[in-house]
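Chemist: Pasting the sequence and the predicted model now:
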Amino acid sequence: MGVSYRVWIIPSHRPFRPTVAQFADLANALRESNWVPASGSSGHISTQYELLPGSPIGHRYKQPERAQPLTAERFTPGWIDFYSQHELVLDWYIHNAREARVEFPFAYDPYPDSERQYFSVRLVLGPNYFHWVGDTVMPFGEHQTVCKCSKQLAYATGWAAGLDSGRILYVCPQCGRNFDTSEISCEALEGKKGKSYVLAGGLTFRFGLVVDCQKYFPHDEEDLRKFVLRTEFLALWDLHIGTPFEQIATFD
């Protein structure tokens, strides 16, 4: 455990999904504040993924997608609306923060003498719940994701764009009820030592902001406590999204 470290910023009320204008404003603000790179700089690969519906085929296969490089154009509500008819992932993979001319989003740099800081930032939007399960977040019980009408709402997808996750339907196709994952919970492990706690809502979201550090994180427990996202970075969520959020750190 611990080969990759991610921080997930997701709405406390799991069904929340922002307007396309809010999503566009946040994406633009991340660029303008130099948390993610402009498309003309080096040191990064910036990609737009439109994840397409596929059969519930399991994690070992790849979910169908349309992928193309992000351009320098500003994000507009119309652009977001067009590309989020299915699932949309804006992925900025920064393999050299200095060359990409971006800020490191954490308050503590565990390797200040390293030749390069590397991490990914992703914005994710979908009509249903992304349901992430890993070494430190356990799955829901099968009975927990069943609608009141007895329809099972959870299903598997193929691997997709840094989101190796399943899905849970937001609207039951059988009876039309909305399903709120905020009302169910799973077991999760806290930190590398694995202290168990109950995670209300699990790691589910219809909209999220993810910082994937890969292996660029402190492996010492004391240093890890200092490895928190900068307040200026999180302030963009408050400014452009507004809804309360949670931060969930995972190791895999």
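Modeler: Arrived safely. If you're wondering where the values come from, they're calculated on a predicted model, not measured in any experiment.
Chemist: from here on, contacts and neighbour counts on C-alpha atoms
Modeler: Will do.
Chemist: just checking, what packs against the lengthiest helix in the chain?
Modeler: Longest among the helix segments of the chain by residue count, using DSSP state H, is helix 20-32. Helix 20-32 is packed against helix 77-83, helix 231-240, with contacts defined by 3 or more C-alpha pairs under 8 Å, 6 or more residues apart in numbering; DSSP states H and E.
Chemist: can you rerun that using 10 Å?
Modeler: helix 77-83, strand 119-131, helix 231-240 (3 or more C-alpha pairs under 10 Å, 6 or more residues apart in numbering; DSSP states H and E).
Chemist: list the buried ones in that helix?
Modeler: 20-31 (16 or more other C-alpha atoms under 10 Å).
Chemist: what do you get for stretch 105-112?
Modeler: 105-106, 108-110.
Chemist: Check the separation of the first and last residues in it.
Modeler: Using C-alpha to C-alpha, to the nearest Å, one end of stretch 105-112 lies 14 Å from the other.
Chemist: avg pLDDT for it?
Modeler: For stretch 105-112, mean pLDDT rounds to 95.
Chemist: Identify all contacting residues around that stretch.
Modeler: By C-alpha atoms under 10 Å, 6 or more residues apart in numbering, the surrounding residues in contact with stretch 105-112 are 34-36, 117, 119, 121, 211, 213, 216-220, 223-234.
Chemist: With stretch 213-226 instead?
Modeler: Against stretch 213-226 from outside (C-alpha under 10 Å, 6+ apart): 2-7, 94, 106-111, 114, 116-121, 191-193, 227, 251-252.
Chemist: how long is it from one end to the other?
Modeler: 15 Å.
Chemist: swap in stretch 199-217?
Modeler: First-to-last distance for stretch 199-217 - C-alpha to C-alpha - comes to 23 Å.
Chemist: same question, stretch 32-51
Modeler: 26 Å.
Chemist: For that stretch, buried residues please.
Modeler: For stretch 32-51, by 16+ other C-alpha under 10 Å, it's 34-39, 42-51.
Chemist: Identify, from these, the entry nearest to Gln144.
Modeler: Leu51 (25.9 Å; C-alpha to C-alpha).
Chemist: That closest one: what's it in contact with?
Modeler: With C-alpha under 10 Å, 6+ apart, Leu51 has these contacts: 63-67, 83-89, 126, 160-161.
Chemist: Low-confidence bits of this protein, can you list those?
Modeler: Within the chain, the segments meeting pLDDT under 70 span 1-2, 54-61, 161-162, 164, 192-193.
Chemist: Pick out the residue closest to the middle of this structure.
Modeler: Val210 (3.7 Å; C-alpha atoms, centre = their mean).
Chemist: give the contact list for the closest residue to that one other than its chain neighbours.
Modeler: With sequence-adjacent residues excluded and distances taken as C-alpha to C-alpha, 6 or more residues apart in numbering, Val210 is closest to Trp8, at 4.6 Å. Applying C-alpha under 10 Å, 6+ apart to Trp8 gives the contacts 122, 203, 205, 208-212, 245-250.
Chemist: Do I have it right that Glu87 meets Leu52?
Modeler: Yes. Glu87 lies in contact with Leu52 (C-alpha atoms under 10 Å); the separation is 6.8 Å.
Chemist: list the residues that contact both of the two?
Modeler: In contact with both Glu87 and Leu52: Glu65, using C-alpha under 10 Å, 6+ apart.
Chemist: the more surrounded of the two?
Modeler: Glu87 (20 against 14; other C-alpha atoms under 10 Å).
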